[in-house]
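Engineer: here is my input; please provide its structure:
(one chain, ligands or ions: 1)
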Amino acid sequence: MSRPIQARIDLSALRNNLRVVRRLASSRIMAVIKANAYGHGLLRAAEALDEAEGFALLDVRDAIALREAGFRQTILLLEGFFTADELPLLAEYELSTVIHSPQQLAMLDAYPRRGTLPVWLKINTGMNRLGFGPEQVPAVMERLKSHPATGEVTLMTHFAHADETEGVAEQLEHFKGLTAAYRAPRSLANSAALLRYPATHAEWVRPGIMLYGASPFADTSAQQLGLQPVMNLSSELISVCELKAGDRVGYAGLFRADRSMRVGTVACGYADGYPRHAPTGTPVLVAGQRTRILGRVSMDMLSVDLGGMPDADIGSRVTLWGAGLPVEEVAAAAGTISYELLCALTARVPVVFS
Ligand SMILES: *Cc1c(COP(=O)(O)O)cnc(C)c1O
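Structural biologist: Numbering: from 1, shown residues only. Alright, predicted model coming up:
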């Protein structure tokens, strides 16, 4: 026997969500698998997403692992290379790279090898995080087109508000204006833009969160979008306590019972990736029935309200998120977003694929 927590990754849900992307956009699909495929396991997720035309991630070692596992698709480094010693690896493993800074251009200039390194020129259209400013684009474009080390140039930008009411209009217009003069493939859309703004689809879409079955929108559920949750984080009750009125639960006694009640202790805590800042009231399922967590989440355990669940006992299955309890809902209750919860799953949680 072992600690009962586990993350079950539903690979057929992942494939379903890729089909949703395919139906929505006729673009090539760059499946975003950064952060260990948002916590789902890089190689297993990539296998399930094998129909995608490309994979995007951050770490050149992960990119190499994908190549060595036999993936033939475009593999794009979303922040590009960080040091010049990565450049020979890009050539050797036929990786594509974002170029977002003058420092990267200088490293390319100093790189002696001639080649056809595919580059994705990142343009800052308002996110103000990565990318060349509008005024730099023409010169950088000229330089890349005639550069002895580079091949095809794809033009890309990233939206700051695709999931909010502000939308993409301003950045989209800006990008169109800046790139109108060039014949090059383009890529703009993250999940939210892909779902809501067909005008952003272009040659490549870059879905991340929707592949993992979570909605990027506060006002539309994953189910409404035809998406299925991929990660199911579950555990069991390992203890049940009977409280009297006035008894308190957990560190700092944050929850206080106002009458007698049953409280269950779940083998899941912040060292598993459950958010410590999730307050009393955050939803959880016990034996498939919805209830709430109580008091402060500890490192290895959290407490749940068993009111109205006389059959719940040690060994009852507890769903922290997944089928029946969208991770977005848990995230919203904890003041964060699904992305953070999925990525935060820690290495000690056994992962099973089904
Ligand atoms: C993470 C990321 C994406 C995917 O965003 P989602 O909101 O998860 O769909 C797309 N493009 C870039 C540049 C990213 O960094």
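Engineer: need the pLDDT of residue 80.
Structural biologist: The per-residue pLDDT reported for residue 80 equals 98.
Engineer: same question for residue 54.
Structural biologist: 98.
Engineer: please work out how many residues are found near it.
Structural biologist: Other residues within reach of residue 54, judged by other CB atoms under 10 Å, total 18. The way it works is simple: take the backbone N, C-alpha and C, and place the C-beta from them, glycine included.
Engineer: phi, psi of it?
Structural biologist: The phi and psi values for residue 54, taken as degrees, to the nearest 10, are phi -160, psi 160.
Engineer: pretty sure it sits against residue 29.
Structural biologist: Yes: Residue 54 lies in contact with residue 29 (CB atoms under 8 Å); the separation is 7.0 Å.
Engineer: any common contacting residues for the two?
Structural biologist: Shared between the contact lists of residue 54 and residue 29 (criterion: CB atoms under 8 Å, 6 or more residues apart in numbering) are residues residue 204.
Engineer: distance of residue 140 from residue 131?
Structural biologist: For residue 140, the distance to residue 131 (CB to CB, to the nearest Å) stands at 10 Å.
Engineer: whoops, residue 299 was the one
Structural biologist: 39 Å.
Engineer: and those two? Which one has more around it.
Structural biologist: Remark: of residue 299 and residue 131, residue 131 carries more neighbours, 22 against 12, as counted by other CB under 10 Å.
Engineer: which residue is the nearest non-sequential neighbour of that one?
Structural biologist: residue 124 (3.4 Å; CB to CB, 6 or more residues apart in numbering).
Engineer: residue of the stretch 251-354 of the chain closest to the ligand, please.
Structural biologist: residue 339 (6.4 Å; CB to the nearest ligand atom).
Engineer: is it true that that residue touches residue 40?
Structural biologist: No: checked against CB under 8 Å, the pair residue 339 and residue 40 is beyond contact range at 12.0 Å.
Engineer: burial count for residue 311?
Structural biologist: Around residue 311 there are 9 residues (other CB under 10 Å).
Engineer: tell me the contacts of residue 307?
Structural biologist: Applying CB under 8 Å, 6+ apart to residue 307 gives the contacts 261, 262, 291.
Engineer: all helices of the chain, in order?
Structural biologist: Using DSSP state H, the helices of the chain run over 11-24, 34-39, 42-48, 60-68, 87-92, 102-109, 137-145, 169-179, 191-196, 327-333, 338-344.
Engineer: what helices or strands is the third one leaning on?
Structural biologist: Judged by 3 or more CB pairs under 8 Å, 6 or more residues apart in numbering; DSSP states H and E, helix 42-48 is in contact with helix 11-24, helix 34-39, helix 60-68.
Engineer: buried sites along the last one?
Structural biologist: If you call a residue buried by 16 or more other CB atoms under 10 Å, then helix 60-68 has these buried ones: 60, 62, 63, 64, 65, 66, 67.
Engineer: report how many residues lie close to residue 350.
Structural biologist: Here the number of neighbours of residue 350 (other CB under 10 Å) works out to 12.
Engineer: that one reaches residue 9, doesn't it?
Structural biologist: No: judged on CB under 8 Å, residue 350 makes no contact with residue 9 at a distance of 11.1 Å.
Engineer: the ligand contacts on the chain?
Structural biologist: Residues of the chain found near the ligand (CB under 6 Å from any ligand atom) are 32, 34, 78, 158, 190, 191, 192, 206, 207, 208, 209, 216.
Engineer: now these in TSV, with neighbour count?
Structural biologist: Output for the residues of the chain next to the ligand, formatted as TSV (neighbours: other CB atoms under 10 Å):
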residue	neighbour count
32	27
34	18
78	20
158	22
190	22
191	26
192	24
206	22
207	28
208	22
209	24
216	25
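Engineer: nearest to residue 16 among those residues?
Structural biologist: Taking CB to CB as the measure, residue 207 is the one of the residues of the chain next to the ligand closest to residue 16, at 13.0 Å.
Engineer: what's the distance between the residue nearest to that closest one when sequence neighbours are not counted and residue 58?
Structural biologist: Once flanking residues are discounted, residue 207 sits nearest to residue 191: 4.7 Å by CB to CB, 6+ apart. Distance of residue 191 to residue 58, computed by CB to CB: 17 Å.
Engineer: once you drop chain neighbours, what's closest to the residue of the chain found nearest the ligand?
Structural biologist: Here the residue of the chain nearest the ligand is residue 208; by CB to the nearest ligand atom that distance is 2.4 Å. Leaving out its chain neighbours, the residue that sits closest to residue 208 by CB to CB, 6+ apart is residue 32, at 3.5 Å.
Engineer: hey, what's that neighbour bridged with?
Structural biologist: Taking DSSP bridges, one obtains residue 56 as the residues bridged to residue 32.
Engineer: isn't it up against residue 207?
Structural biologist: Yes: here residue 32 lies in contact with residue 207, judged by CB under 8 Å, at a distance of 6.4 Å.
Engineer: report the set of residues contacting both of the two.
Structural biologist: residue 190.
Engineer: got a list of what the most centrally placed residue in the chain touches?
Structural biologist: Central residue of the chain (CA atoms, centre = their mean): residue 38, 3.9 Å from the mean position. Applying CB under 8 Å, 6+ apart, we find residue 38 in contact with 208, 209, 212, 339, 342, 343.
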